[in-house]
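**Q** Show me how the following folds:
(2 chains)
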Number of protein chains: 2
Amino acid sequence: MPESNPAMTDATTGAGRFSPALLTDLYELTMLEAYFEERMHETAVFSLFVRRLPERRNYLMACGLDDVLAFLEQMRFDAAALAYLDSLGRFSGRFLRYLENFRFTGDVHAVPEGTPVFPPAPILEVVAPLPEAQLVESFVMNQIHLQTLLATKAARVVRAAQGRQVVDFGMRRIHGIDAAMKGARAFHIAGVDATSNVAAGQAYGLKVAGTMAHSYIQAHEDEYEAFRAFARLYPETILLVDTYDTLDGVRKVVKLAGELGPDFRVSAIRLDSGDLVQLAIQSRRILDDAGLRGVRIFASGNLNEDEIQRLIAAGAPIDGFGVGTDMGVSRDVPSVDIVYKLVEYAGAGRIKLSPGKALLPGRKQVFRVERDGVAEYDVLGDANEPGAGRPLLAPVMQGGARLPAGRVTLDEARAHASREVARLPARIRAIEPADPPYAVRISDALTASSEAIRRAHRE
Amino acid sequence: MPESNPAMTDATTGAGRFSPALLTDLYELTMLEAYFEERMHETAVFSLFVRRLPERRNYLMACGLDDVLAFLEQMRFDAAALAYLDSLGRFSGRFLRYLENFRFTGDVHAVPEGTPVFPPAPILEVVAPLPEAQLVESFVMNQIHLQTLLATKAARVVRAAQGRQVVDFGMRRIHGIDAAMKGARAFHIAGVDATSNVAAGQAYGLKVAGTMAHSYIQAHEDEYEAFRAFARLYPETILLVDTYDTLDGVRKVVKLAGELGPDFRVSAIRLDSGDLVQLAIQSRRILDDAGLRGVRIFASGNLNEDEIQRLIAAGAPIDGFGVGTDMGVSRDVPSVDIVYKLVEYAGAGRIKLSPGKALLPGRKQVFRVERDGVAEYDVLGDANEPGAGRPLLAPVMQGGARLPAGRVTLDEARAHASREVARLPARIRAIEPADPPYAVRISDALTASSEAIRRAHRE
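**A** Predicted structure coming up:
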């Protein structure tokens, strides 16, 4: 664990500039005061789910639970938070005193990180006194949305690479520092092999990777000199060959091999621009003709799952991919319609009738129905009904404290993700749109309870 | 300034889990060691710019400089960072000792935050010993990319609202905590009126806003009771009317006005679903017929600049907009092609010939040529040539310390942005694609020096 350096963290993480408990929308706090004044502290159930699958996704990969549970365990209103809220002139002194002792004391049920999920099934449910469950909405949504979005995208990239190495190069254009860190984490769970983000390596124990930029080549008078100097320091490095003329760059690598003889241990070349299929084929030929069959070809530059699939289908002899912005911002689907909705209060199911935004009431369970080890469909049912398949939601926090199921290592989550994806039907694992899409059925019991509440509300 | 709470910050900002100086791509560090071993510490110039304007943007709004300068002033390799790097087994002891004393001692030239910029003109240039300028690449790009992307999007939303209130509701689906904070900051510079993010209000002194969610209504047995209870606590609140039936909700607000008489001070209703044009018109009529002309109409729910423009054009009597995900993730353009490139080393201009990624060499200046106070075009020239127009890049850091021009308050930046946008031609300020787009000319001097270097390289 690094020593803390508060002066530093300002510019990077923003720590010290704000109170973590205030990472919430203002209306959560105004509602909280109203609940406090109205003494509405019965148990509420909030359900976090995505309303519908985006067009270019066959499943979502649930991710971000660990950060949510850590937040719930730790959240406190510090003196600075209370002073700031007081300065707004909106909140009563007695409400601020209540916040001073505020703790999250509730339960959380969730699917394990790395689980493929299908809307509108819940990713997690919070069961807690109404104010506690309400207040944490913004942070819980923010983290599950980000990490689920990025794990889902990365799972597609990993799939497209068909076992070839995938490295996260996203830091420079991913949306901020938290996304750079949590993204690297989510990518690892989804099966990405390494990250270029050194801080993520430090924080999460991820494998870090990286070699040289064009600027290194440019800073030298001569490309060959740059290769030689770098290979001297890092004999097993990857050399970037496209700064001036790609194939000319490859020939310089061959020349270096001739010069170094048995000391030549360069592991790969990197292509970062141009027609990657043709350049990879020609580079491979140049390397092979020189007897450098062990030098691999690594590609980068605006890659995503579609482009990787195209490259492999076109026969490009590429051994690994550096994937940056498209994966880092989930460019084709940069958000999903995730919501956190009250579905039960004081023991009674709750609904909403807003056009296009209707809700199913009550605590739920998701049952995955499998045949011969392959998932056929999910059933979304009441939490307590006998399910037809494997239940996915499990208790991970009780009374504000984590349960063992809420403490999973990153590598366990990665292994779980890999196993669960392997159990999906082939058409759902594929990058192409699944036809038919995976089915989620609503159980008879849930349909009945939903109808009963609707009728009661209309009467 | 809040008191620090390290246990807390783990789950929210990640502070304490990683060393801020390690927020870099691994290859920056491997190149750094190579520069160190090769004694390459002459002055380098790196230029940060966007290669091309995305399709749905007529200009970019530069943003994020303050966080970059704070990082450059503060970056240090702490003991944990050095221990982690040592654990990788890639770096020599003498290189790690060099890092221990590493400081950024260079200069930065930049356009002020809030300035409209046009690719490929630089947003900032770093002039520093090569290793220092190289190492900071990843963080500098990450922050300028995020904040420029979000300020640019927000400027369009503000433009579409034509003076009506715009509130940032993005926190729940924006990409992580850093984006939630820096986004609220960028939105403010771009002219957004308030944010729902309480921590951003605390950190930046932004106006915070927010009222109630559907869950508050749902948690009550009856919508009318919910309205009454909330208005009692917050007399000037905004009531959310679409939980069950929107117009029925509006009629309950009218009923409440009748009940409370002179004590009724509700400021607005909020519509969050359905046909906002029809619902706003009908709600306005119901309110007006009841003599509630002072009750405004606030809209939210999947809003962006196009939808706001459409609502206003269709005559929807909406007074303010809550804008969430589309602005928070810049959904139509979630990344721009921002780069940070070596353009000069040891006094000599540097280029790159990769297909589609060619560079202009040397330190630059951007001259904005105006007539009658309206910008006509920009000229991208050498830093030292006599310019035809107003120079936009100015020194903001010298020898690692900020200059007064590098210390600008958020409100100054917001005022600057507003003034500078007002000086753009109407077609460039508009939301529709500008025809013709704003022109950026390359000066004769810059063209000549670029050609000379290219020729020299080819020979």
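
**Q** Now for the most far-flung residue of chain A relative to its centre: which residues touch it?
**A** Ranked by distance from the centre of chain A (C-alpha atoms, centre = their mean), the top residue is residue A:259, with 45.4 Å. Contacts for residue A:259 (C-beta atoms under 8 Å, 6 or more residues apart in numbering or on different chains) come out as residue A:228. Placement of C-beta: from N, CA and C, glycine included.

**Q** so which strand or helix has it?
**A** In the assignment (DSSP states H and E), residue A:259 maps to helix A:246-260.

**Q** what residue ranges in chain A are flagged as low confidence?
**A** Applying pLDDT under 70 to chain A flags the ranges A:1-13, A:15, A:355-358, A:458-459.

**Q** rerun that using 50 as the cut-off
**A** Along chain A, the model assigns pLDDT under 50 to residues A:1-9.

**Q** Mind naming the longest helix for it?
**A** Using DSSP state H to define each element, chain A has its longest helix at helix A:137-161.

**Q** Neighbours of residue A:263, how many?
**A** Residue A:263: 11 surrounding residues under other C-beta atoms under 10 Å in any protein chain shown.

**Q** Ignore what I typed, I meant residue A:101.
**A** For residue A:101, using other C-beta under 10 Å, the count is 8.

**Q** do the same with the one 10 residues further on
**A** Residue A:111: 23 surrounding residues under other C-beta under 10 Å.

**Q** Could you measure from it over to residue A:64?
**A** Distance of residue A:111 to residue A:64, computed by C-beta to C-beta, to the nearest Å: 11 Å.

**Q** roughly how far apart are the spatially closest residue to residue A:25 that is not a sequence neighbour and residue B:328?
**A** Using C-beta to C-beta, 6 or more residues apart in numbering or on different chains and skipping residues adjacent in sequence, the residue nearest residue A:25 is residue B:196, 4.1 Å away. Residue B:196 sits 11 Å away from residue B:328, taking C-beta to C-beta as the criterion.

**Q** anything in contact with each of these two?
**A** B:168, B:171.

**Q** Going by contacts, tell me the helices and strands next to the helix or strand hosting residue A:278.
**A** Using DSSP H and E, residue A:278 falls within helix A:276-289. Packed against helix A:276-289 by the contact rule (3 or more C-beta pairs under 8 Å, 6 or more residues apart in numbering or on different chains; DSSP states H and E) you find helix A:246-260, strand A:268-271, strand A:296-299, helix A:305-313.

**Q** How is chain A divided into domains?
**A** Chain A breaks down into these domains under automatic domain parsing: A:24-151+A:333-458, A:152-328.

**Q** I'd like these laid out as a markdown table, including distance to residue B:424.
**A** Formatted as a markdown table, those follow (distance: least, C-beta to C-beta, whole Å):
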| stretch | distance to residue B:424 |
| --- | --- |
| domain A:24-151+A:333-458 | 27 |
| domain A:152-328 | 26 |
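
**Q** Tell me which of these is the most buried.
**A** domain A:152-328 (a mean of 21; mean count of other C-beta atoms under 10 Å in any protein chain shown).

**Q** Assumed residue A:384 was part of a helix.
**A** No. Applying DSSP: H, G, I helix; E, B strand; the rest coil, one finds residue A:384 to be coil, outside a helix.

**Q** Close to chain B: what parts of the stretch 251-400 of chain A are there?
**A** Within the stretch 251-400 of chain A, the positions lying close to chain B (C-beta under 8 Å from any C-beta of the partner chain) are A:272-274, A:325, A:328-331, A:334-335, A:338, A:340-342, A:345, A:350-357.

**Q** from those residues, which ones fall inside strands?
**A** A:338, A:340-342, A:345 (DSSP state E).

**Q** TSV for the helices and strands packed on helix A:276-289, including distance to residue A:97?
**A** Output for those, formatted as TSV (distance: least, C-beta to C-beta, whole Å):
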stretch	distance to residue A:97
helix A:246-260	68
strand A:268-271	60
strand A:296-299	59
helix A:305-313	53
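
**Q** out of those, nearest to residue B:132?
**A** Nearest to residue B:132, of all these, is strand A:268-271, at 24.6 Å by C-beta to C-beta.

**Q** strand partners of the closest one, parallel vs antiparallel please.
**A** Strands adjacent to strand A:268-271 in the sheet, as given by DSSP bridges, are strand A:238-240 (parallel), strand A:296-299 (parallel).

**Q** ok so, going back, need the residues that contact the helix or strand that the longest helix of chain A is followed by.
**A** The C-terminal neighbour of helix A:137-161 among helices and strands, as given by DSSP H and E, is strand A:165-168. For strand A:165-168, the surrounding residues in contact (C-beta under 8 Å, 6+ apart) are A:154, A:157-158, A:183-184, A:187, A:191-197, A:209-210, A:298, A:319-324, A:327-328.

**Q** quick one: secondary structure of whichever residue of the stretch 201-350 of chain A sits closest to chain B?
**A** Closest to chain B within the stretch 201-350 of chain A is residue A:210: 3.3 Å, counting by C-beta to the nearest C-beta. Secondary structure, three-state DSSP: residue A:210 is coil.

**Q** Repeat that for residue A:451.
**A** Residue A:451 ends up helix, using three-state DSSP.
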